[in-house]
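# Provided below for reference: sequence and predicted model.
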Amino acid sequence: MTMRMLISIAIVCAAATAYADDPWEQGVSKENQTKANALFAEGNQLFAQQAHGPALEKYKTAVALWDHPKIRYNIAVVEIRLDRYLEAVDDLEAALRFGQSPFSAEEYQRALDYQKLVSGRVGSIEIECGEPNAQILLDGKPWFKGPGKQKTRVLTGEHALVVEKKDYMTFARRLVVLGAKTASEKIALVPVESVVKLEYATPRWVPWTVFSAGAGIAAGGLGFWLSARQQMTEFEQQFARDCPNGCPADLPDNQALRDKRNDAELNGKIGVTAMIAGGVVAVGGAVWTILNRPRRVMPTMEVSPVEGGATAAIGWHF
C-alpha cells in the first residue's frame, strides 16, 4: 500500500474521551478540551474535502488548546501529504509518546507504519566544533556558533556544511545523509598562516647567487685596483731614486722599472673592469631578488560525498 493510499484513509475521526488518569488530559480544562474537539472535527471535514492547508491550521489551533495524541497524529498525516517530512517526524513522535494509548490497535499500527515510512526520508546531522566564534552554516543558512555540539534533523540526500572564522581556513564539506542515520563531523579549523605556502617564480637561491657572484667579482676587482695603486706607488718611489734627473718616457735602460710600471697599469685596468662588471652583476642580482617576490599559495579542497559523510582531496592554488 502506497503512502498516498495510507494517507487517504488514516485520519482519526475523533479524539478519544479523556479520563482523569489520562496523561494528556492533565492540566487541560474541560472548556479547552471541548474547543479542541470542535476544531478537530472541523479539520477532519476540511481534510475530507482535500483542503489540506486549512485542515492543518485547524489541527494546530486545536493542539495548542489540547495536546492530544490523536490531534498530533492527524497533524502528522497532513504534513506527510504536504511533503513536510521533518515536521511530520516530530509530530509522530509526539503522537506516540504514550505508546498505544489512546489509539486502537489498528490506528496504532498505522501510526507505526507512517513513522517507518517517514524515517526513510529523514536523517540527522551532528556537528561538533570547539573553535570559539566559528560560524557553522548548513545549506547556506546560519546554524550555530562554536564552541558547541548540535544535532538537527534533515531530509535525506546531500547537504552543504560550511564553517567560517576570520584568519582561519574555511571548512567546506558536502555530507550525504541516509534515512534514519546520522552523519557526524568533528570540526578542527586550521589557521591560514599555518597552511599558506610562499612560492617564488625563480628559486630564491638563484638571484641571491647572482648577487653574491657579482659582489665577489667586484670585491676581487677592488683587490686588483688596490694592488695596482700599491705597485704604482712603489714604481714612483723607485723612479725617483733611479732617475733623479729624469729618464726617457719609455725607460729603455731600466727593464725592471718599466715592468713594474706596466704591471701596475695592467692590474689597475683589470681591477676597474672587474669592479664595473661585478657591480653590474650584483645590481642585477639585487633587482632580481626584489622582483622575485613570493606568491601566497592557498590549499584547495575537493570534496566527494559518500554514504554518511564525505572524502576530501587537498591541492594548492595561488
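Sure thing, it's come through.

# grab the nearest non-local neighbour of residue 286.
What sits nearest to residue 286 in space, not counting adjacent residues and going by C-beta to C-beta, 6 or more residues apart in numbering, is residue 211, at 5.3 Å. C-betas here are computed from N, CA, C, even on glycine.

# for residue 97, same thing?
Leaving aside its sequence neighbours, residue 97 sits nearest to residue 69 (C-beta to C-beta, 6+ apart; 7.1 Å).

# tell me how many other residues crowd the one you found.
When neighbours are counted by other C-beta atoms under 10 Å, residue 69 registers 27.

# also residue 158?
Other residues close to residue 158 by other C-beta under 10 Å number 11.

# quick check, it in a helix?
No. Read with DSSP: H, G, I helix; E, B strand; the rest coil, residue 158 is strand and lies in no helix.

# tell me the bridge partners for residue 136.
With DSSP bridges as the criterion, residue 136 is bridged to residue 144, residue 163.

# which residues touch residue 142?
135-136 (C-beta atoms under 8 Å, 6 or more residues apart in numbering).

# and the pLDDT at it?
pLDDT recorded at residue 142 is 95.

# buried ones in the helix or strand where it lies?
Residue 142 is part of strand 141-145 when elements are defined by DSSP states H and E. Neighbour counts over strand 141-145 (16 or more other C-beta atoms under 10 Å) mark 143-144 as buried.

# packing partners of the strand or helix carrying residue 33?
According to DSSP H and E, residue 33 maps onto helix 30-48. Using 3 or more C-beta pairs under 8 Å, 6 or more residues apart in numbering; DSSP states H and E as the contact test, the elements touching helix 30-48 are helix 52-65, helix 69-81.

# once you drop chain neighbours, what's closest to residue 85?
Closest to residue 85 by C-beta to C-beta, 6+ apart is residue 121, at 4.8 Å.

# go on, residue 261?
residue 235 is the one closest to residue 261 (C-beta to C-beta, 6+ apart), at 4.8 Å.

# how many other residues sit next to residue 123?
Neighbours around residue 123, by other C-beta under 10 Å: 22.

# okay, now the unreliable bits of the stretch 1-150 of the chain?
1-10, 14-21 (pLDDT under 70).

# how about 80 then?
1-21 (pLDDT under 80).

# any idea of the angle the host helix or strand of residue 116 forms with helix 69-81?
Secondary structure assignment for residue 116, by DSSP H and E: helix 105-119. Counting by axes from the mean of the first three to the mean of the last three C-alpha atoms, to 10 degrees, helix 105-119 points 40 degrees away from the direction of helix 69-81.

# my guess is residue 23 meets residue 99, correct?
No. With contact defined as C-beta atoms under 8 Å, residue 23 does not count as touching residue 99 (10.6 Å).

# okay, buried residues for the helix holding residue 116 please.
107-108, 110-111, 114-115, 117-119.

# contacting residues around residue 38?
Counted by C-beta under 8 Å, 6+ apart, residue 38 has zero contacts.

# state the number of residues packed around the closest residue in space to residue 130 that isn't next to it in sequence.
Excluding its sequence neighbours, the residue lying closest to residue 130 (C-beta to C-beta, 6+ apart) is residue 147, at 4.7 Å. Close neighbours of residue 147, defined as other C-beta under 10 Å, add up to 13.

# start at 28, not 1
Yes, from this point I'll number from 28; that puts the last item at residue 174.

# what's near enough to touch residue 121?
94, 96, 99.

# mind putting those in a markdown table, distance to residue 39 included?
As requested, the contacts of residue 121 are exported to a markdown table (distance: C-beta to C-beta, whole Å):
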| residue | distance to residue 39 |
| --- | --- |
| 94 | 15 |
| 96 | 9 |
| 99 | 10 |
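
# quick one on the thing from earlier: CA atoms of the helix holding residue 60 as PDB?
Presented in PDB, the C-alpha positions along helix 57-75 are these (Å, rounded to 0.1, in the frame of the first residue of the first chain):
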ATOM      1  CA  LYS A  57     -12.900  20.900  30.100                       C
ATOM      2  CA  GLU A  58     -13.600  24.100  28.100                       C
ATOM      3  CA  ASN A  59     -10.300  23.800  26.200                       C
ATOM      4  CA  GLN A  60     -11.000  20.100  25.500                       C
ATOM      5  CA  THR A  61     -14.400  21.000  24.100                       C
ATOM      6  CA  LYS A  62     -13.000  23.700  21.900                       C
ATOM      7  CA  ALA A  63     -10.200  21.500  20.700                       C
ATOM      8  CA  ASN A  64     -12.600  18.700  19.800                       C
ATOM      9  CA  ALA A  65     -14.700  21.100  17.800                       C
ATOM     10  CA  LEU A  66     -11.700  22.400  15.900                       C
ATOM     11  CA  PHE A  67     -10.500  18.800  15.400                       C
ATOM     12  CA  ALA A  68     -13.800  17.900  13.800                       C
ATOM     13  CA  GLU A  69     -13.700  20.900  11.500                       C
ATOM     14  CA  GLY A  70     -10.200  19.900  10.500                       C
ATOM     15  CA  ASN A  71     -11.400  16.400   9.600                       C
ATOM     16  CA  GLN A  72     -14.100  17.800   7.400                       C
ATOM     17  CA  LEU A  73     -11.600  20.000   5.600                       C
ATOM     18  CA  PHE A  74      -9.200  17.100   5.100                       C
ATOM     19  CA  ALA A  75     -12.100  15.100   3.600                       C
END
